[in-house]
Structures are given as C-alpha cells and as structure tokens.
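1. requesting a structural model of the entry that follows:
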Amino acid sequence: MSSLRNLRVRDFSGGPNLRDAQSELAKNECVDAWNVTFDERGGVSSRLGYQKVNGSVYGGGLVKNVYYSPLLGEYITQAGASLYLGTNTTIRKTFTTSARVVFVDFGATVVALHPVDGLFTSADGITWAAVADVDAPKGSCMAVWQNKVWVSGHAAAPARLYFSDVGSVTSWTASSFNDLREKDTQPIVALSGAAGVDTIGRPGLLVFKRESTYRVYDSTTGAYQTVDSRIGAASALSVVTLNNRTIALSQHGLYWTDGVNPMKNAGERFEPLWEPTQVNFAQLDLWAAGARFNRAYFSLTRAGSTANDLALEYHPEEGWVTPGSNAMSAYATFGASTEKLYGGSPTVSGQVYELLVTGADDGVAIDSRFQTRWFEPGDGFLARLRRARLLGRTGGLTITVTVRRDYQTSAGDDLPVIIDELDTESYDSGVFYDSGALYGTPAAQAYHDEHSLGTCKAFSLRITASTSTVGNTLQLLASGTGPEVGAWAFFGFDLLFVPLGIA
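-> Numbering: from 1, shown residues only. Predicted coordinates:
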C-alpha cells in the first residue's frame, strides 16, 4: 500500500505565464492572475484600488496627461484642450486642439509643449506664456538633458530632434537639430533620460521611434548611436525609468535597456498578448507608463477598445508581470510629501485618481482571481488528495477556492474558504465577545484545512473573490497602524496525498 506523502508549495514569484503549455510552467509560475499583486518572497494578494483626487471633475474633457512638477510641488492635468493646477477646476490654459501636451521642469519654469501651438512656459502653473522665438519647434515629446530642452515629433519633420540653446527654453537656433535617419525616416515618439553611461563614461538621452531606439551622446551636435533597430516605444507617455532601467511599453511588449545596450524583453511570458487579436495597435498613442517605489505600471488598449482598458504591473527585479482592470490614460508620481501614484481616467471625463489605496476602484468592488500552476503529485499517475492546508489571510472574508483536476479549463469543485487570522477560535456563530473583543488571539496569517479533495493525475487551485475592503499588515516597529494591503493573500499550501499507482 502506498504511504502518505506531502507536497509543499510556498513560492508564486514567477507570476502568470501566458506563453507556455500549462504542464510546462516553472515551479514559481501560475496559470492565471487578475487584479492581484505579488510580494518579494512569492506571496500573492488582491491588489489595492483607487480613489478620486479631484472631488469635482475638470470640465475640459477626458484626461490626456497628468504631470507632477517638483518645481511647483503640485500636479498639472490636461483634460481635453485645457490645463488645470492641482484639484482646482479653474482652467489655467486652453490650447487650440485637445492633442496631448507634454511637460518638463526647466530652471525656474514649467514648460508645456503642444503639437500645434508649440512651447509655453509658466513659473506658477497658472499663467502661461508662449515661447516667441520663431525657431522654437512644435512637437509631441520633450525632455531635459545637459541643460537644454530637447523636442521632437514635429509633424513637418517627424524624425528630427531639436535642442534649445544652453540654459534657455526661450532661445532656439535654427540649425540646432539632428535627423535620426540611420535606420528609417519614421517619427520619433518618445524621449527619455538614459539610465546609464557608455563605456567612456558619457551620459545619454534616449530617443524612441515605434520600432527602434537611439542614444544621443553629444549635447552639442545631437550625435547619436542606434541602441536597438527593432524595439522602440508606443507613445510619448509609454517610457519610464526605474532602478537603473529605462522601460518601454512597445507594440512588441515590455522591454528595457540600461541606456547603452539593446532592449531586453521584460515580459517574455506575455508574448501571446502582443498581436492584433489581443490588443488594439491603432491606439498605440494612448499607451502609458508610470512608476512607484520598485514597481512599474502600464496601461494599454485591448482589441476592440478605443480607450486604455488593460493594466500591467511589472517588478523589474523579480521579473513578474501581472494584469488588471485599473488602466489609466496617464500616470504621474506625486512626490510633494510622499510618493503617490496618480492616474487619469481613460473613460470618466475630467477625473484623476490616486492608485494603490483603499480596497475598491472608486467605490466599486474589485474582482480578483489567481490560479496556481498544475501539480502532478503522483508524477502523472493517479493520486488521492487527502488534505490541503492553505496558508494566507482573508480578514474574515470568504474567498472561493476551486479545485480543478486534470487540466480542466473550467468547472471544478468550489470550496468557500475563510482563512481567518483574526479569530483563531470559534465558539458560536459570532466572532466577538459581547464586549466587542475577538475570541482568541489575533494572528498575522493563518491556516485553513480542506479534506478529501478527490482523486486525479493533476490539480490546480483557483482563487476568486470580489472585495471592497483592505487588510493591514502588522504594525511597523510595534506602533501605529500597519500598511494597507489587499483584502486577501495566499502564501502557499501543504498537501497530503496517496499515490495510487498505475491507473
């Protein structure tokens, strides 16, 4: 008779794998994930939500861009054709069209660039003045590098990179430009500071077309070298620098570079996503990127959509990518007092949100799911699953754990599960004494046992939940309130099983 054996699982840090056959996933990968995030040790939890920043919407229209200005200590929002400062709904500037405006801080001014109207400056975000120099360019992307303002995306010269006179955004020389035509004459769509320096210690400015990337290394002439002849960026907002990496959301996927070497694939396990049946390549200009702490966030349009409706969270060090429904039209990292992530709504006119707070999306419950990889406890032969001990937390909420067997793509046995770390003992239908105190001693996380899960050759556990609350970790340094985290978390399980031999 076969003896009782144990399977122990504790690491989901590989994230979802959409590319490979389900029987071939790595030990730390998962079959499916939605509206979840992963910690640095491989635990998975539901993500946090978002809430309104501006209580009253901006009247200009849909949010095209959100920019945090360190100079002003405030954020600027473009809604429709108009600019707004902070949460004030007073229009500060209106352009002739609602084309996206991009921003930089330069010296004592904030600089705004409109593709049709050109360059404008402001010292306070309220009063805006046009740059009068006849040689000042128009464009769709802008960056500051080596004490100059760099502009590209002019409709009349789409592959041309312009640069201002040293130390001035109001003074431009007609001959101060370089055409990036080594590979093609396609438009430049994004500019970003390079994360590193080259072999002789020169910093650089990264320039992106849709299908190529370049590094400008000479601020006097605009001289450049090609970094990658195939991979570029989707839009002026789809590039972010984080942890010495410049990461671009492109039509080929997520890629990063150190500013010198060719782009590297950051989302190989999501390769099947980047095709016309899955995403809308006609809306590349809407794709956006942002960052907070050690995570990068991206938004893009699914096939059939004309607004961003798919979000991706990426951890550069761990390498996982996880999808969700909290897509934004633009991102800004608000740094006045603490690092907050703001985003513009792609569908609600004039609304800006703070992300990674509360347990709901602007008051709407978050539907989350997670499915482990497939396990073959009997090495592909039949096994009896005697008991599964789940480790996690739900704060008293009920989640549904579905046991799927033998590579089922639907159905399975649904188990309503409460991993109740708050109430370690159960005396009756309540969890509180009359005084309001909890029965037992609260815990940071807890176990939940499920018995007799049946027989199979392979199994996978699938968690689904709809939640609008948050959890809290333990107090930091034994004081205050613990940081907010997702409503539920799953850290692993132990399974007792009996191999049944050849069957």
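2. go through stretch 393-405 and flag the buried ones.
-> Using 16 or more other CB atoms under 10 Å as the test for burial, stretch 393-405 gives 393-395, 397, 399, 401-405. For every residue, glycine as well, the C-beta is placed using N, CA and C.
3. same question, stretch 51-63
-> Going by 16+ other CB under 10 Å, stretch 51-63 has these buried residues: 52-54, 57-58, 60, 62-63.
4. picking that back up, minimum pLDDT in the buried residues of stretch 393-405, which residue is that?
-> pLDDT across the buried residues of stretch 393-405 is lowest for Gly395, at 88.
5. could you find the closest non-adjacent residue to it?
-> Spatial nearest neighbour of Gly395, chain neighbours left out: Gly471 (5.0 Å); criterion: CB to CB, 6 or more residues apart in numbering.
6. ok, Glu318 next?
-> Closest to Glu318 by CB to CB, 6+ apart is Ser13, at 5.6 Å.
7. quick check, the one you found in contact with Val321.
-> No. Counting by CB atoms under 8 Å, Val321 is not a contact partner of Ser13; they are 12.0 Å apart.
8. those two: which is more packed in?
-> The residue with more neighbours, out of Ser13 and Val321, is Val321; 25 against 21, by other CB atoms under 10 Å.
9. OK, contacts around the more buried one?
-> 15-16, 254, 266-267, 269-270, 312-314 (CB atoms under 8 Å, 6 or more residues apart in numbering).
10. rewinding a little: measure the residue nearest to Gly395 to Leu312 for me?
-> Distance, Gly471 to Leu312, by CB to CB, to the nearest Å: 23 Å.
11. for the spatially most central residue of the chain, give its distance to Leu474.
-> The centre of the chain sits closest to Tyr297, judged by CA atoms, centre = their mean, with a distance of 1.7 Å. In this view, Tyr297 and Leu474 are 26 Å apart by CB to CB.
12. end-to-end on stretch 27-46?
-> End-to-end distance of stretch 27-46: 21 Å, with CA to CA, to the nearest Å as the criterion.
13. what residues of it count as buried?
-> Quick answer for stretch 27-46 (16+ other CB under 10 Å): 28-38, 42-46.
14. give me every residue that touches the closest residue in space to Gln278 that isn't next to it in sequence.
-> Counting by CB to CB, 6+ apart, Ala303 is the residue found nearest to Gln278 once chain neighbours are left out, at 5.6 Å. By CB under 8 Å, 6+ apart, the contact list for Ala303 reads 276-280.
15. change it to 6 Å
-> 277-280 (CB atoms under 6 Å, 6 or more residues apart in numbering).
16. can you tell me which of these are buried?
-> Using 16+ other CB under 10 Å, the buried ones in these are 279-280.
17. now the contacts of Ala303 as TSV including distance to Ser171, secondary structure and pLDDT?
-> Listed next are these as TSV, based on distance: CB to CB, whole Å; DSSP: H, G, I helix; E, B strand; the rest coil; pLDDT from 0 to 100:
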residue	distance to Ser171	secondary structure	pLDDT
Thr277	50	coil	98
Gln278	47	coil	98
Val279	42	strand	98
Asn280	41	coil	98
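18. quickly name whichever of the contacts of Ala303 is closest to Ser479.
-> Val279 (46.3 Å; CB to CB).
19. look up how far Arg302 lies from that closest one.
-> With CB to CB as the criterion, Val279 and Arg302 are 6 Å apart.
20. which of the three states applies to Gln283?
-> helix (DSSP: H, G, I helix; E, B strand; the rest coil).
21. Ala79 touches Val63, doesn't it?
-> Yes. At 5.2 Å, Ala79 counts as touching Val63 under the criterion of CB atoms under 6 Å.
22. what's the closest non-adjacent residue to Gly378?
-> Pro499 (4.4 Å).
23. strands - which of the buried residues of stretch 51-63 land there?
-> Counting by DSSP state E, the part of these found in strands is 52, 63.
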